[in-house]
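Q: With the input below, show me the fold.
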Amino acid sequence: MKFAALLAASAASLLAFPAMAQNDRDPAQDFNGPYISIGGGASLQGSDRGETLVFDTDGDGVYGDTVTTVGGTDAFSPGFCNGRATGTANIDCRNDRDGANYFGRLGYDKRMGNFVLGAVIEGGRSEARDSVSGFSTTPASYEISRKADWQANARLRAGYTPGGGALFYVTGGPAYARLNNRFATTNTANSFADNGKTNGWGYAAGGGAEIMVTNKIAVGLEYLYTDVKDKDYTVNVGPGTADPATNPFLLDGGATDIRRSDPHFRTHAVRGTLSYRF
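A: Model prediction:
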């Protein structure tokens, strides 16, 4: 997978970082106490094939209704695609967009022999965008996309340092994202209203390595998987200029709500870190 290849290349770069002799550094004090970090890298998305738009046509709050025409056929029979629509037909959708991520963090480690336990609070931003599109027989396209305006997590980490100088660790904890949702359509007859930005909650987990390059400064490489869930974003379809007697969105209850079928926003991040230890 693309994120595995990037991780391997980044790991090779980190291991090639030249050792810096520090006569004034006590290895027994490495990775012990408070620190601050900045960093950045790439946010990559795995495949979420099979995602669709789902509909509530009768206003009962239950999604999974079929939007039907006056003839009783499925108005979305052309189907759905994972990505951004490039026209009104279900062909050549653009892939979900990967992007850069950057962050800052505060942390504290407690070293006990060769073992390290710590806690991290982190905040930052990712440019990755996740989209899904549907296509009606009109023909028309309907696209929902989301990205994280900003995100944060609070994690524990546990690691091993073979005598100081280098730390290898695993990490995990709860995560939050402020999601920027967008809706776009080529349907100019109906009216559309959405609830904009929403909150996603979930977790982040991964692992990494750090190397002390001076008695205060460390560089590192980290992989972090983040999964946040948001079921709050909804698009309401109203009459607009459409005829309620023939418009598929209006036949059942006079309006239709649209959601994406998968509420999870998942990213794989590979990033470098630069830390200062107090």
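
Q: Spell out the residue ranges of the strands in the stretch 151-278 of the chain.
A: In the stretch 151-278 of the chain, strands defined by DSSP state E, counting those that start in this stretch lie at 166-185, 191-194, 198-212, 217-229, 235-238, 256-260, 264-277, listed in chain order.

Q: since we're on Ser275, how many residues are nearby?
A: Here the count is done by other C-beta atoms under 10 Å, and Ser275 has 20 residues near it. All C-beta spots, glycine's among them, are computed from the backbone N, C-alpha and C.

Q: pretty sure it contacts Gly33?
A: No - counting by C-beta atoms under 8 Å, Ser275 does not reach Gly33; the two are 11.5 Å apart.

Q: overlap in contacts of those two?
A: Common neighbours of Ser275 and Gly33, counting by C-beta atoms under 8 Å, 6 or more residues apart in numbering, are absent.

Q: could you dump the strands of the stretch 151-278 of the chain to TSV with mean pLDDT and distance to Gly83?
A: Written out in TSV, the entries for the strands of the stretch 151-278 of the chain read as follows (pLDDT from 0 to 100; distance: least, C-beta to C-beta, whole Å):
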stretch	mean pLDDT	distance to Gly83
strand 166-185	97	13
strand 191-194	97	19
strand 198-212	97	20
strand 217-229	97	20
strand 235-238	98	18
strand 256-260	97	12
strand 264-277	96	15
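
Q: Just name the most buried of the ones you listed.
A: strand 256-260 (a mean of 22; mean count of other C-beta atoms under 10 Å).

Q: name the helices or strands packed onto it?
A: strand 53-56, strand 140-160, strand 235-238 (3 or more C-beta pairs under 8 Å, 6 or more residues apart in numbering; DSSP states H and E).

Q: For Phe265, find the nearest of those.
A: Using C-beta to C-beta as the criterion, the shortest distance between Phe265 and the helices and strands packed on strand 256-260 is 6.1 Å, found for strand 140-160.

Q: okay, the angle between that closest one and strand 198-212?
A: Compare the direction of strand 140-160 with that of strand 198-212 by axes from the mean of the first three to the mean of the last three C-alpha atoms, to 10 degrees and you get 40 degrees.

Q: May I see the buried residues of strand 140-160?
A: The neighbour-count check on strand 140-160 (16 or more other C-beta atoms under 10 Å) flags 140-148, 151-153, 155, 157, 159 as buried.

Q: Please apply the same query to stretch 244-257.
A: Within stretch 244-257, the residues scored as buried using 16+ other C-beta under 10 Å are 247-252, 255-257.

Q: Now do it: everything it contacts.
A: 55-59, 63, 65, 67-70, 75, 136, 189-190, 234-239, 242.

Q: May I see the PyMOL selection of the buried members of these?
A: To isolate in PyMOL the members of the contacts of stretch 244-257 that are buried, counting by 16+ other C-beta under 10 Å, one can use:
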select buried, resi 55+56+57+63+65+67+69+75+136+190+234+235+236+237+242
